[in-house]
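> Next come a sequence and a model predicted from it.
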Amino acid sequence: MGTIYYGGSATPIHIEDRALAHLKVVIATKLRRGESFTVSWVHPDDEPRGRSTIWVHPSIPLRFVFDEPEPPELSRQWIEDLANSANSSGGIALVAEHIETAPVPADDAPQVVVPV
């Protein structure tokens with residue numbers, strides 16, 4: 001389970017390492033461009049029910065900490081899905097990775113929220 005430390009918040013944000021690795025790529029790209037945006041997620045089962053959203057801005061300190069020492073292989077499709085949501089008015093919505101066992105048209109692929 002990875003962790004995001006954002007700004008001066010005393011509450012770390014826990015996200016599964018693989019999801020965090022993909023999210024990091026999208027966040028770093030947006031911040032490198034000087035863009036601000038939101039990131040939203042559903043609370044994990046071990047936290048009080050609900051969801052959270054943070055406003056991410058280039059001037060706010062941000063640190064990603066991973067439990068696994070080796071980075072996972074990244075999915076280009078998942079990064080594109082997260083980047084597309086980052087460019088929407090709703091900001092990044094952390095969604096599940098789509099692992100296809102058979103070809104599925106993009107319009108038919110369901111969006112599933114990943115508890116983080």
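Structure's in. What do you need? Numbering: from 1, shown residues only.

> Where do the helices of this structure begin and end?
For the chain, applying DSSP state H gives helices covering 17-32, 76-86.

> Could you dump these into a markdown table and include mean neighbour count?
For the C-beta atoms, the positions are set from N, CA and C on the backbone; glycine is no exception. Compiled in a markdown table, these are given as follows (neighbours: other C-beta atoms under 10 Å):
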| stretch | mean neighbour count |
| --- | --- |
| helix 17-32 | 19 |
| helix 76-86 | 17 |
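
> Nearest to residue 58, out of these?
Within these, the stretch nearest residue 58 is helix 17-32; the backing value is 5.0 Å (C-beta to C-beta).

> how close does residue 18 get to residue 73?
Noted for residue 18: a distance of 9 Å to residue 73, by C-beta to C-beta, to the nearest Å.

> List the contacts of residue 57.
Residue 57 makes contacts with residue 36, as judged by C-beta atoms under 8 Å, 6 or more residues apart in numbering.

> does residue 79 really touch residue 23, like I thought?
No: look at residue 79 against residue 23 with C-beta atoms under 8 Å: they stay out of range, at 9.2 Å.

> Just give me the residue closest to the centre of the protein.
By C-alpha atoms, centre = their mean, the chain has its centre lying nearest to residue 23, at 3.6 Å.

> neighbours around residue 12, how many?
By other C-beta atoms under 10 Å, the residues close to residue 12 number 13.

> Nearest spatial neighbour of it, chain-adjacent residues omitted?
Closest residue in space to residue 12, ignoring its immediate chain neighbours: residue 3 at 4.6 Å, by C-beta to C-beta, 6 or more residues apart in numbering.
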